[in-house]
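In: Make a model of this:
(chains A, B and C)
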Amino acid sequence: MVRDLDDIIIRTCARIMVPFMQVYGLYVFVHGHSSPGGGFQGGCIMAASFILLATAFNIKEAKMRFTEKVNGIFCCLGVFIYAGTGAVAVIFSGNFLDYSRWTNILPTNPVMARYYGMALIELGVQITVMAVMVSIFLDLVTGGSHEEVMKTDD
Amino acid sequence: MIEWMVTKHSYWFYIILIMTGFYGMMAKNNLMKKLIGMNIFQWAIILYYISIGSKKGGTIPIIDAQAAVRHAVRAADYINPLPHVLMLTAIVVGVATTGIALTLLVIIYRKYGTLEEDEIIEALKK
Amino acid sequence: MNKFLALFVTLVAGALLAYGAEGLPPWGDPQQPASIHVSPRYIEKTVDETGVPNAVTSVLADYRGYDTMFETSVIFTAGVAVMMLLRGMNHGKRS
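Out: Prediction:
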């Protein structure tokens, strides 16, 4: 189903580009507070790096770097971080997603607590978007039968 | 009429895109082409929302640090951030829902061996 | 026949949209209703209240956190749905 294209130019370019794409995805996420960017954009860029791995090499290579188990855990972990950040505020007698209550844990004023709370939930969004994009791509491109493709590639 | 066409020219593009997507969804026989029409429709609405947020003479909604320190932020200097926020999430959700639609197409193709609508209806009648 | 009907419906819908667009404000009008309701408050208070200069991030993550949270849940649900549909069908065929 997925042809193993053996092209040295594409492989070398992809191998050089992938780390830069991942660092750029993290940059877009970290600088989301003071410049255009954020979790959704950074997550899509990081997912694009794994999709580039899968298209330039093969599915097996991409699944070796970003395994099925890690992918499934990341899908859930992002939503968990987001909801957990909001739930911590409820524990300290605030409203759900009211990050200024994080001053009970963090040694800052309420404004900076909101700043760091937003960074946390952007992290959750980034992880979920990255994992779900990669998961949807791999499922669609293999028709949901990852093991069979790996067998025929060998 | 001429004045409307000049001052509100941007709405023409969204109307044309919406009509393209609408026609594709109704007239095309292939389910994949219907899905493409639906995506064009969706993007027309996203472009329309983003155009709502624009202000003449406004810059991107990233507040100047100097003005913020002096508490001199004027809302007219920055474009409206709200449509950008709503559409930012809508784009990513649109990609995810397109993934589900493609999955359904894969399953339909596995079951009936075709994506043509009339052939699927024929197969369902049997 | 079918295509002509679709074209007719499309043209009627386009004419209705054009008629509706006549009541919309001109492009880039600073006084349009969408720009004077809540967005000035977001822009003016974002640095004082959240410390984040990017108004898009502060509205996305703080003022409208519920919206973003459930959008994230929708993405997660979509990923799980794709997984279940494709792999579930495969397993059904095999057994």
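In: which residue packs closest to A:S100, ignoring adjacent ones?
Out: The shortest distance from A:S100 to any non-neighbouring residue, by C-beta to C-beta, 6 or more residues apart in numbering or on different chains, is to A:P110 (3.7 Å). For every residue, glycine as well, the C-beta is placed using N, CA and C.
In: On the three-state scheme, C:Q31 is what?
Out: Of the three states, C:Q31 takes coil under DSSP: H, G, I helix; E, B strand; the rest coil.
In: quick revisit: can you pull the pLDDT of the residue nearest to A:S100?
Out: As predicted, A:P110 sits at a pLDDT of 87.
In: And for A:M1?
Out: Value listed for A:M1 in the pLDDT field: 49.
In: Then the one 3 residues further on?
Out: Each residue has a pLDDT score; the one for A:D4 is 55.
In: Just give me the neighbour total for the residue nearest to A:S100.
Out: 17 (other C-beta atoms under 10 Å in any protein chain shown).
In: The one 4 residues further on now?
Out: Counted with other C-beta under 10 Å, residues neighbouring A:R114 total 24.
In: I'd guessed it sits against A:R101; true?
Out: No: A:R114 is beyond contact range of A:R101, at 9.7 Å (criterion: C-beta atoms under 8 Å).
In: Quick check: residues of chain B near chain A?
Out: Residues of chain B lying near chain A by C-beta under 8 Å from any C-beta of the partner chain: B:60, B:62, B:88-89, B:91-92, B:95-96, B:99, B:102-103, B:106, B:110.
In: farthest pair in those residues?
Out: Pairwise distances across the residues of chain B next to chain A (C-beta to C-beta) peak at 48.0 Å, for the pair B:I62 and B:R110.
In: Compare those two and say which is more crowded by neighbours.
Out: Comparing B:I62 with B:R110 by other C-beta under 10 Å, the one with more neighbours is B:I62, at 19 against 13.
In: in the sheet, who's paired with that one?
Out: For B:I62, the residues forming beta bridges with it (DSSP bridges) are C:N54.
In: Tell me which residue is most central in chain B.
Out: By C-alpha atoms, centre = their mean, chain B has its centre lying nearest to B:W43, at 2.0 Å.
In: Checking it next. Helix, strand or coil?
Out: Per three-state DSSP, B:W43 ends up helix.
In: Mind telling me which residue of chain C is nearest chain A?
Out: Using C-beta to the nearest C-beta, the closest approach of chain C to chain A is made by C:L86 at 2.8 Å.
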